[in-house]
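[1] just to be clear, the model below is a prediction. Sequence and coordinates:
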Amino acid sequence: MALVGAAWRSLYLNLMTGIHIVHHVDGKWYVSGDVPVEYKPGSNLDFTAIKLTSVHTALPFSYTTLPYLVESEYQSTNMGEQLTGDRPIKTKYVAVVLEDRPCAFAGQSTLKRDSGLSKFESFIRDEYRVHLETDNLPVAELFTYMGNVESDSEQVYELGYPVGNITAGGQVVLNNHVDFVLLYNNIPDSDSVHVVGFLAYPSSRQFNATQGAECKSIEGQPINMAVDDKDEVIIPWTYSIYWSNSTTLWEDRWDPYFPITDEPLHWISISYSIALCLFLAGLVALILIRVLRAHAGRYSQLDPHDQAEDSGWKVLHGDVFRPPHLPMMLAVIVGAGTQVLATVVLLLVLGTSGFLSPANGGGLVTAIVVTYVLTGVFGGYASAKTYMTMRGTRRRRNAALSALFFPGTAFTIFFIMNIVLWSTKSSAGPSAGLFIGILAMYIGLNTPMIFLGNYLAYKRPVADFPSMTNPIPRYVPRVNMWFLSPTFIAVGLGLATFSVIFNEAFFVLSAIWYGHVYYVYGFVATVFSLLVLVTVEISIILCYFQLSNEDYHWWWQALLVPAVTSLYFFVYTIYFLAFRLSFTRAASVLLYFGYSLFMAWALFLLTAAVSFYGCLSFVRKIYSTVHID
């Protein structure tokens, strides 16, 4: 219960702190995740270490995994921070507001060859980066992004700074000195300031007794991690603090962390998706307006003998609503997809409103968990209503399976992934208590929500079908031409559906595995809306072609295109791993496949629910125009 309360408090703080500051950035509204703090000259500003990360391992570690110097114990974190590997701890680095410190001595460490030195060397070779934070701003290195022309150049931030570097000659050196630059903005009519930037310029320096006090290196020599003639090395940790006045306003200080340098690619992708959506909408309109109305009008005027000789979708009025095989499983899948759909919609509403600001540590992960729990009522309702539509009567079993289906598969995937994380001692591996607490939250909150939705569905009557079902099933003719089979058509239509999300999938995967700040919820919401529209349109088209071939088994076929689309996405993640990432550990690859499998599974459920609803509505509509005595 304590964990559940912590999750609620975290979401509440994520929402409430964002309400304080609302401002306009690059044509869109942005809600900050923190409130401005005014610093008086001479006051102390502490630096907090968050974690160590690498794009070559995707395994975050706590700051104290390496023998860095720290000031205190770990600070408290919310559920999202723990699941993303954040372990905040106060460092020895301290800044005095508006006071430059050309050289400050934080302390020294004695590292042995077989422990500290080898561990540092391993992390440096994997290109791990140190993530610090002050005033809720992450430290970053400053880089210049060059556009097509020189005037398009833009300064951007890369989060963290490297633990060390490998020189051109292959020498592994440790960054034991950091020049910190703090950007500040003066507050009008006050001597206080706002911190609006936090930059780091690390370097490796060897000192002697006299030069160490001035932070000057011995003839520019770095600290070599591969010195074989020493069993131990004394590492001095030093830093410099410089304050620089900036015109950046406090409400704009997060802008360099998420510049949209690839905005044209987003718009090109969206333009293509809109064109595809309009083309498919034209096909659907052609089916509904020109074909169906003409056939339905002619069919309603035929006598019974002529009806028996007719062909196409019209002759299936007595079988089209026949319940499919495994109606329980189909209903559970639709219910699970509806819950995922509701979760994504709520997250996009929160994201586009600015409440999921990156300034809220762990806010996105916490919001995902809590919103999914709350949307259980939608999943339970959709599952029960679908099951009742197919004339199912096992109400309690439907509710129980709905509560176990998606959470069960998700927990299985994440439990295997957590075993990998625990084996590597990564900070992203949740403690046993946290894992059990999250499981208890799903059982204590999500399950009652699903049963509530199930109860509400059974309190409402089921809508009657437009036509009665014959007692004897109709023979389904075999499709002689292979290119007209539903499976072959689904392969092509699935590729069209995947093309809608292809470009945005690249940016999302890049943000996840490269550690970039991703804050373009407007583009994601647009692509998601187009995905829903295209999925509905394609489901209608495929359903019509299937019924035209006198095949009334459309219930499960409605899920075929979503399955193919998800398969395409999973194959694309394999391509992304092979050509975009360079993992150095087997554990990283296992984690990558675990996350990819989970995302593909969630994508299938979401699009399956949308496709099913589109096909069901289409079938109800066209057969309601056919009047049979």
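    Ah, there it is.

[2] same for the longest helix seen in the chain, what does it pack against?
    Taking DSSP state H as the criterion, the chain has its longest helix at helix 586-623. If you count contacts as 3 or more Cβ pairs under 8 Å, 6 or more residues apart in numbering; DSSP states H and E, helix 586-623 packs onto helix 327-353, helix 376-389, helix 395-424, helix 486-514, helix 521-548, helix 554-557, helix 560-580. Heads up, the C-betas are built off the backbone N, CA and C, glycines and all.

[3] can you lay out those helices as TSV showing mean pLDDT, mean neighbour count and distance to residue 130?
    What follows is the helices and strands packed on helix 586-623, written out as TSV (pLDDT from 0 to 100; neighbours: other Cβ atoms under 10 Å; distance: least, Cβ to Cβ, whole Å):
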stretch	mean pLDDT	mean neighbour count	distance to residue 130
helix 327-353	94	23	28
helix 376-389	94	26	40
helix 395-424	92	18	19
helix 486-514	88	18	17
helix 521-548	89	22	29
helix 554-557	90	21	52
helix 560-580	95	18	24
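
[4] how about CSV for the ones you listed, with distance to residue 626 added?
    CSV is the format used below for these (distance: least, Cβ to Cβ, whole Å):
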stretch, distance to residue 626
helix 327-353, 24
helix 376-389, 19
helix 395-424, 31
helix 486-514, 23
helix 521-548, 12
helix 554-557, 16
helix 560-580, 25
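
[5] looking at those helices, which is nearest to residue 51?
    Each of the helices and strands packed on helix 586-623 has some distance to residue 51 by Cβ to Cβ; the shortest is helix 395-424, at 13.1 Å.

[6] which element follows that closest one toward the C-terminus?
    Elements were assigned by DSSP states H and E; along the chain past helix 395-424, the next helix or strand is helix 432-441.

[7] following that next one, which helix or strand comes up?
    Counting by DSSP H and E, the element after helix 432-441 in chain order, helix or strand, is helix 447-458.

[8] and that next one, what's buried?
    Buried residues in helix 447-458, counting neighbours by 16 or more other Cβ atoms under 10 Å, are found at 447, 449, 450, 451, 453, 454, 457, 458.

[9] helices of the stretch 151-300 of the chain, start to end?
    263-285, 293-300 (DSSP state H, counting those that start in this stretch).

[10] that older thread, any buried residues in the longest helix of the chain, and which?
    587-588, 590-616, 618-620, 622-623.

[11] not counting sequence-adjacent ones, nearest residue to residue 423?
    Spatially, and ignoring its direct neighbours in sequence, residue 423 is nearest to residue 587 (7.0 Å; Cβ to Cβ, 6 or more residues apart in numbering).

[12] the one you found reaches residue 424, doesn't it?
    Yes. If you go by Cβ atoms under 8 Å, residue 587 and residue 424 touch, sitting 5.1 Å apart.

[13] need the overlap of contacts for the two.
    Listed as contacting both residue 587 and residue 424 by Cβ atoms under 8 Å, 6 or more residues apart in numbering are residue 59.

[14] does the closest residue to residue 346 other than its chain neighbours lie in a helix or a strand, and which?
    Of all residues not flanking residue 346 in the chain, residue 371 sits nearest, at 4.7 Å (Cβ to Cβ, 6+ apart). Secondary-structure assignment from DSSP H and E places residue 371 in helix 363-374.

[15] relative to helix 432-441, how tilted is that helix?
    Taking axes from the mean of the first three to the mean of the last three Cα atoms, to 10 degrees, one finds that helix 363-374 is oriented at 40 degrees with respect to helix 432-441.

[16] surely residue 44 meets residue 93?
    No. At 10.9 Å, residue 44 does not count as touching residue 93 under the criterion of Cβ under 8 Å.

[17] more neighbours: these two, which one.
    Each of residue 44 and residue 93 had its neighbours counted (other Cβ atoms under 10 Å), and the higher figure belongs to residue 93 (22 against 9).

[18] any idea whether that one is helix, strand or coil?
    strand (DSSP: H, G, I helix; E, B strand; the rest coil).

[19] I'd assumed residue 106 was in contact with it.
    Yes. Residue 93 is within contact range of residue 106, at 6.3 Å (criterion: Cβ under 8 Å).

[20] need the overlap of contacts for those two.
    Joint contacts of residue 93 and residue 106 (Cβ under 8 Å, 6+ apart) are residue 239.

[21] in the chain, where's the longest strand?
    Longest strand in the chain by number of residues, with DSSP state E as the criterion: strand 232-245.

[22] coming back round to it: list the residues that contact the residue nearest to residue 423.
    Residues near residue 587 by Cβ under 8 Å, 6+ apart: 57, 59, 420, 421, 423, 424.

[23] check the second one and give its pLDDT.
    Which is residue 59. Per-residue pLDDT puts residue 59 at 95.

[24] report the separation between residue 385 and residue 99.
    Note on residue 385: its distance to residue 99, by Cβ to Cβ, to the nearest Å, is 66 Å.

[25] try residue 453
    Spatial separation of residue 453 from residue 99 under the definition Cβ to Cβ is 59 Å.

[26] what's the answer for residue 69, then?
    From residue 69 over to residue 99 the distance is 22 Å, taken as Cβ to Cβ.

[27] settle it for me: which of the two has more neighbours?
    With other Cβ under 10 Å as the criterion, residue 69 and residue 99 differ in neighbour count, and residue 69 comes out ahead with 15 against 12.

[28] what sits against that one?
    Here residue 69 is in contact with 91, 92, 106, 107, 109, 237 (criterion: Cβ under 8 Å, 6+ apart).

[29] surely the third one touches residue 92?
    Going back to what we said before, that points to residue 106. Yes. Proximity of residue 106 to residue 92 meets the contact threshold set by Cβ under 8 Å, at 3.9 Å.

[30] overlap in contacts of those two?
    Contact criterion Cβ under 8 Å, 6+ apart; residues shared by residue 106 and residue 92: 69, 237.

[31] of the helices and strands packed on helix 586-623, which is nearest residue 129?
    With distances scored as Cβ to Cβ, the stretch of those nearest to residue 129 is helix 486-514 (11.3 Å).

[32] so which elements touch the closest one?
    Under the contact criterion of 3+ Cβ pairs under 8 Å, 6+ apart, helix 486-514 touches helix 263-285, helix 521-548, helix 560-580, helix 586-623.

[33] with that, I have no additional questions.
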